[in-house]
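Q: curious how this folds, go ahead:
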Amino acid sequence: MMKALVKYDVIPGAVEIREVPEPAIGADDVLLEVRAVGVCGSDIEMWHHQVTFPVNVPVILGHEFCGVIAATGANVKDFRVGERVVSETAAYICGKCHHCRSGEYNLCPSRKGYGSGVSGAFTKHVAVPQRILHRIPDSVSFDFASLTEPACVAYNAVNVKSRLRAGEPVVIIGPGPIGLFAVQMARIGGASPIILVGTDADQARMQTGRDLGAHITINVPKEDAADRIMKLTAGLGVPLVVDAAGNNAAFKLAMEIVRRNGQITKIGWGPKPLDLSLDPIIAKAANLQGSFSHTWSTWEAVLHQIETGDIRMDPMITHRFPLSQWEEAFRLVDAKVAVKAVIHPGE
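A: Reported below is the predicted structural model:
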C-alpha cells in the first residue's frame, strides 16, 4: 500500500490522502518512482469541482510528474531501471483512430489523461507506458523536469499552433503558469513587444512575467487594456493574442485587440458559456485557434530548451512541499501567491 492524494467524489472538497494499492504494470509499462509533481490549476479546479471535463473518481490527482524507473515490463527494451524520466499525460490512447495514426494522439477521442481519467502521480509509484517517456537531461533537476508538461502546453500553443513572428507584438492574457510559459515562448521566438495582461490579484505573477521577458504589463481594471494596446499599436491591434485566462472577459478583450487578419489562440478553458457575440472575428477576418495538450516532438523540443536554459524554470517554482502538506500547496496556488508549487511525494 502507498499514500496518495485522491479525488473520491464529484463534489467540491472531495480530495484527501488515502492508502491505495501499489499499481500493477503491463508488459509495455514501467513502474515510476515519483520524485516531483507540479500542482496544476486543473488540480485546484478538481479540488473545488469546477471542472469542465469528466473525472473518473476515485482517481489519484497529479499529471505534471517525473521520477526514476523502479521496474520495467517484459516488452520494455529502450529504458532501464534507475533512469531519470519524465512522462507525458496521455496515459491511454486507442492507437487506431485517424489522430493516433497521424501522430496527433493528443486529440484521440478515447484519450485518458493522468490525474483525471487514469490515476496520476501525487503518490509514490505510477505505471507509465514506455511510449510517453522521455529521458531527463543530466543537468535538469527533477523539480524542473516536472514542469515540462505546462511548458509543452505553451510551446504547442505559441510555437506550433500560432503565427508568431520575430519583431511583431503579441499579447498574452492571464499570467498563470501557462501564460508565463507563453511569455517565455514568445521571448524565445523574438516577439516584441510582449504585452502581459492581468489583474490586481496577479501582481506577484506579473512581476515574474516581467522577469521572464514581458516588455509591458497591463493591470485590469486599473487600466483600459484595449485602449492602451490600440495606442501602442497605432490603432492596428496585435497580430497574435494568446488567451491563457479562459474567461469571457479575456476573450472579449482578445477580439477587441486582435489585428485584422490576426489570430487569437485560446489555451484557457472557460467554465461558463460565452455570453458575447463572435461577430468581431468575422469583421476582422481573424483566425480563432484552439490548442490542446502536446505530442512527442513538443516534449523533446521543450526538454532541450530547459537544458540550454532558454526556458527559465527558477522563477516559475516558488514553493515546494511534501505530500502531507498538499492542502497548503493547493491553497497558495489557488490564492495566486505561488506561481508553481512542486510536491515531493517521497518526503
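Q: V39: what's it in contact with?
A: E64, A329, F330, V333, A338, K340, A341, V342, I343 (CB atoms under 8 Å, 6 or more residues apart in numbering). For glycine as for every other residue, the C-beta is placed from the backbone atoms N, C-alpha and C.
Q: swap in H99?
A: For H99, the set of contacting residues under the criterion of CB under 8 Å, 6+ apart consists of Y105, N106, L107, C108, P109.
Q: next: A127.
A: The neighbourhood of A127, defined by CB under 8 Å, 6+ apart, consists of P23, A24, I25, G26, D29, V30, L31, L32.
Q: now the last one, what's its secondary structure?
A: Of the three states, L32 takes strand under DSSP: H, G, I helix; E, B strand; the rest coil.
Q: state the number of residues packed around it.
A: Summarising burial for L32: neighbours were counted as other CB atoms under 10 Å, giving 25.
Q: same check, this time on the first one
A: Burial measure for P23: 19 neighbouring residues, criterion other CB under 10 Å.
Q: what about it, is that helix, strand or coil?
A: Classification of P23 by three-state DSSP places it in coil.
Q: and what of the fourth one?
A: For G26, the secondary structure call by three-state DSSP comes out as coil.
Q: pLDDT, secondary structure and neighbour count for the contacts of V39 - can I get that in JSON lines?
A: Rendered in JSON lines, the data for the contacts of V39 read as follows (pLDDT from 0 to 100; DSSP: H, G, I helix; E, B strand; the rest coil; neighbours: other CB atoms under 10 Å):
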{"residue": "E64", "pLDDT": "98", "secondary structure": "strand", "neighbour count": "31"}
{"residue": "A329", "pLDDT": "98", "secondary structure": "helix", "neighbour count": "24"}
{"residue": "F330", "pLDDT": "98", "secondary structure": "helix", "neighbour count": "23"}
{"residue": "V333", "pLDDT": "97", "secondary structure": "helix", "neighbour count": "24"}
{"residue": "A338", "pLDDT": "96", "secondary structure": "coil", "neighbour count": "23"}
{"residue": "K340", "pLDDT": "97", "secondary structure": "strand", "neighbour count": "26"}
{"residue": "A341", "pLDDT": "98", "secondary structure": "strand", "neighbour count": "24"}
{"residue": "V342", "pLDDT": "98", "secondary structure": "strand", "neighbour count": "25"}
{"residue": "I343", "pLDDT": "98", "secondary structure": "strand", "neighbour count": "30"}
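Q: can you map out the helices along the stretch 51-200 of the chain?
A: Taking DSSP state H, counting those that start in this stretch as the test, the helices found in the stretch 51-200 of the chain are 98-101, 142-146, 148-155, 177-188.
Q: a markdown table for those, including distance to Q50 and mean pLDDT?
A: A markdown table is the format used below for these (distance: least, CB to CB, whole Å; pLDDT from 0 to 100):
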| stretch | distance to Q50 | mean pLDDT |
| --- | --- | --- |
| helix 98-101 | 28 | 98 |
| helix 142-146 | 24 | 98 |
| helix 148-155 | 19 | 98 |
| helix 177-188 | 17 | 98 |
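Q: among the ones you listed, which comes closest to I69?
A: Between I69 and the helices of the stretch 51-200 of the chain, the tightest spacing by CB to CB is seen for helix 142-146, at 13.1 Å.
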